[in-house]
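A.B. asks: next one to model:
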Amino acid sequence: MWSDRLKVASKYLLSFLKRDWTVQDYPIRFRHFDVDRTQDYGRLKPVVWSAQVLNWPAMQGHGDTADEALANLSKVLAERKARGYKLARPGTGMPIEFAATYRIEEHPDLARDFFQRILNLNYDECFISNESSLWDFHGEETNESLNEKILLTYGVDVSDIESGNLADVFTRLVSRGASA
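C.D. replies: Numbers count the residues shown, from 1 in each chain. Sure, this is the predicted structure:
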């Protein structure tokens, strides 16, 4: 779209006038999604509005209104900056960054077995990082059913790992003698 290209070009040129960029300095695309508000989505909240930095697909904010989406995008940019990560120059982009996987990769046989027996998925067809969680694989209000399945399958209780972090779950299973 010409309007997007014009936004990108103008924000890029203006970015040379300052060094400290905020959300207002970036070319933003807003998108509205039709959401059935009568449906109960449980803990999974549907995206109604998205504010995305053009040419930087991973940089977005969501909300129930365009203003809320923009405020959340501003927060995401500020958090990235506070963690010491580089911000892309407005009008340019950043490559997609994948989360680290070294903790998950410590237990490849267990991961394959776990995905097959607990999640009914092929581990080799998924991208799983150190940040992946049981919560990523269901829409229920709790991890209780998966925790029970893990206990029955491996004889290890992981219900106290509230985050459901898979790397933590695998570490617990290995430390308690569970194997693939």
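A.B. asks: who touches the closest residue to residue 133 other than its chain neighbours in this structure?
C.D. replies: Leaving aside its sequence neighbours, residue 133 sits nearest to residue 164 (CB to CB, 6 or more residues apart in numbering; 4.2 Å). Yep, even glycine has a C-beta here, placed from its N, CA and C like the rest. Going by CB atoms under 8 Å, 6 or more residues apart in numbering, residue 164 touches 133-135, 143, 146.
A.B. asks: ok, residue 63 next?
C.D. replies: By CB under 8 Å, 6+ apart, the neighbours of residue 63 are 48-49, 51, 69-72.
A.B. asks: go with 7 Å
C.D. replies: Applying CB atoms under 7 Å, 6 or more residues apart in numbering, we find residue 63 in contact with 48-49, 69, 71-72.
A.B. asks: who wins on neighbours among the residues you listed?
C.D. replies: If you count neighbours using other CB atoms under 10 Å, the busiest of the contacts of residue 63 is residue 69, which has 24 neighbours.
A.B. asks: would you indicate which residues of the one helix or strand it maps to are buried?
C.D. replies: Residue 69 belongs to helix 66-82 when assigned by DSSP states H and E. Going by neighbour count (16 or more other CB atoms under 10 Å), the buried part of helix 66-82 is 66, 69-70, 72-74, 76-77.
A.B. asks: can you check stretch 11-30 too?
C.D. replies: Under 16+ other CB under 10 Å, the buried positions of stretch 11-30 are 11-12, 15, 21, 23, 25-28.
A.B. asks: could you report the neighbour count for the nearest residue to residue 59 once chain neighbours are set aside?
C.D. replies: Counting by CB to CB, 6+ apart, residue 59 lies nearest to residue 53, which is 4.2 Å off, once chain neighbours are set aside. For residue 53, the count of nearby residues is 28 (other CB under 10 Å).
A.B. asks: now for residue 53: which residues touch it?
C.D. replies: Contacts of residue 53 by CB under 7 Å, 6+ apart are 26-28, 59.
A.B. asks: need the strands for this structure, in chain order.
C.D. replies: 28-32, 49-53, 60-63 (DSSP state E).
A.B. asks: what does the domain assignment say about the protein?
C.D. replies: With domains defined by automatic domain parsing, the chain comprises 2-82, 102-175.
A.B. asks: what about the last one, how long is it end to end?
C.D. replies: Domain 102-175 has its terminal residues 17 Å apart, counting by CA to CA, to the nearest Å.
A.B. asks: quick one: distance of it to the chain centre.
C.D. replies: Put simply, domain 102-175 sits 17 Å off its chain's centre (CA atoms, centre = their mean, to the nearest Å).
A.B. asks: below-threshold pLDDT in the protein: ranges please.
C.D. replies: Counting by pLDDT under 70, the chain has low-confidence residues at 179-180.
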